[in-house]
Structure formats: C-alpha cells, structure tokens
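[1] based on what follows, work out the 3D shape:
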Amino acid sequence: MVFCPLGNQAPAQAVAGTPAQTGTQNDARTAQHTDTSQRSAPPKPDTGPLAPGFKNQVPLSPPGQFIGQTSLGAWAGLRVASIHFEGVSESTLRPLPSKLEQQPGEPLDPVKIRDSLRQLYATGLYETIEVAGVRNGDEVSIVVTGVPRLFFRRVNINGVGSNRLNAVLQNTTQVQAGSYYSTGRVDQADSNVAKTLEDNGFYRGQVARTLVLDPVNALVDLNYTITP
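    Purely as a prediction, here's the structure:
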C-alpha cells in the first residue's frame, strides 16, 4: 500500500507589537497569558485548570524582537481595544465572539479571558488554543490563535468496478462524514481496506491512499485508488 501523507499545517502566527527602536520610547509590548515569571523557560502546554489542549505560554516572536513580555494579568483593568482571531476565523466562530465573557471596550479581566478560552474550546473547532496581547498606551489588543481541528468530509474509492465492493470498502473504513480526523483513524481505515480486499479475492491488488486537505473549511478527504 502506498501512502501520501497529509501535509503538516502550521498554526497561524499572530503579529504583535512593533520592533524596538534604540534610544526611543515605545509603548507597544507583547503579553502572554501565563502564571509564571520565568521568561526564559521553554513553552509548555498548560493542562491544569483549563481543558486539555490549552496553551498558556507560547511566545509570539523571537526573543528580543519586541520590547518586553509580561503576563496579561499585569494589565488587568486596561481597556480591551479589540479581539482578533487567527487560525479559526471569526466568521466560522460566529455568533460566539459577541457572546464571549471578555468583550472589546471592556476592562481586561484575566478571569474573563480564561472563561472566553473555555467557551471557544468547547466549540470543538480547536486542537489547541492560546491567547496573547499587545499593549498600546492604556489599551490592549487581544489575539486568540488556535490550531483548527480537522474533520473528515468524504471517502472516495477509485479503481473498483463493482458498485457493491465499492460500497463495502467505503463502509469498512469506518470513517463518517463530519467525524474528527486523526492519524490513528486513517491507519485503521488502511488496515480495514487491505483486509476487505483480500477477503474479496484481491490478494495482489495495489492500494494508494491520499489525503486531500481543504484548509479553509478544515476538512479532509480520504481517497483510495485500487489497482487490481
């Protein structure tokens, strides 16, 4: 069986702050939603009070590129100028953004930020989610960055002349449209397809599997091409 793997999807990168200028005062600072004061520690997922998959400590930029990093909690009370969504679009999330605990125009509240992350993660649209901020004077712009969760869209079987066998092969993958994508489920589908072909007399059949990604809609097609 020949496999063509799904390409790795890098999470969208949030652009924060402005480069530091020597000898000038710059109010733009980046902040991370983190409870640690050790800035040099490597980022680690926080699976404590938040649901698994949350990341509370992820740098927005290479060290030293922007002025200072601090905790969002240190900016509590500053006005939230805006909330931007990267990775999973705001249009996909609607109407949830308008119902989040933390809203633009209100004072920054770390508890509301955490509750908002819970609301977003509960949609099932995220593999991981993180939040950071950019301060300008007495205002903070919030950036929510997430890795989208992928879903199966369809299974396509090509090269089999029998409609009955085609239907059997589709069913044996055990992949349903709208179900969560995972490499484990793909591996199981590969094994099931190979066994079903053998059970139906295709002992020497060659199977090529490809995964086709629709990144805009976070959907994956599972395609099998069978050569008897």
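[2] which one's the longest helix in this structure?
    Secondary structure assigned by DSSP state H gives helix 183-199 as the longest helix of the chain.
[3] strands paired with the following helix or strand past that helix, and their directions?
    Scanning forward in sequence from helix 183-199, with DSSP states H and E defining helices and strands, the next element found is strand 206-214. Sheet pairing of strand 206-214 (DSSP bridges) gives strand 2-4 (parallel), strand 219-227 (antiparallel).
[4] now do the buried residues in strand 206-214.
    Neighbour counts over strand 206-214 (16 or more other Cβ atoms under 10 Å) mark 207, 209, 211, 213 as buried. Any C-beta I mention is one placed from the backbone N, CA and C, and that applies to glycine too.
[5] look up how far residue 219 lies from the third one.
    Taking Cβ to Cβ, to the nearest Å as the measure, residue 211 falls 11 Å from residue 219.
[6] repeat that for residue 199.
    Per Cβ to Cβ, residue 199 is found 30 Å from residue 219.
[7] which one of those two is surrounded by more residues?
    Set side by side, residue 199 and residue 219 show unequal neighbour counts under other Cβ atoms under 10 Å, the larger going to residue 219 at 17 against 11.
[8] the residue nearest to the more buried one when sequence neighbours are not counted in helix, strand or coil?
    In this structure, residue 219 finds its nearest non-sequential neighbour in residue 153, 4.0 Å apart by Cβ to Cβ, 6 or more residues apart in numbering. Taking DSSP: H, G, I helix; E, B strand; the rest coil as the rule, one finds residue 153 in the strand state.
[9] my read: residue 153 touches residue 179, true?
    No - with contact defined as Cβ atoms under 8 Å, residue 153 does not reach residue 179; the gap is 10.0 Å.
[10] which one's more surrounded, the two?
    Neighbours of residue 153 and residue 179, each counted by other Cβ under 10 Å, are more numerous for residue 153; the result is 19 against 11.
[11] quick one: that one from residue 191, how far?
    Applying Cβ to Cβ to residue 153 and residue 191 gives a distance of 21 Å.
[12] show me the shaky parts of the chain.
    Within the chain, the set of residues satisfying pLDDT under 70 comprises 1-70.
[13] okay, strands next: where are they in it?
    Per DSSP state E, the chain has strands spanning 2-4, 29-32, 69-71, 79-86, 126-136, 139-148, 151-158, 206-214, 219-227. These are given in chain order.
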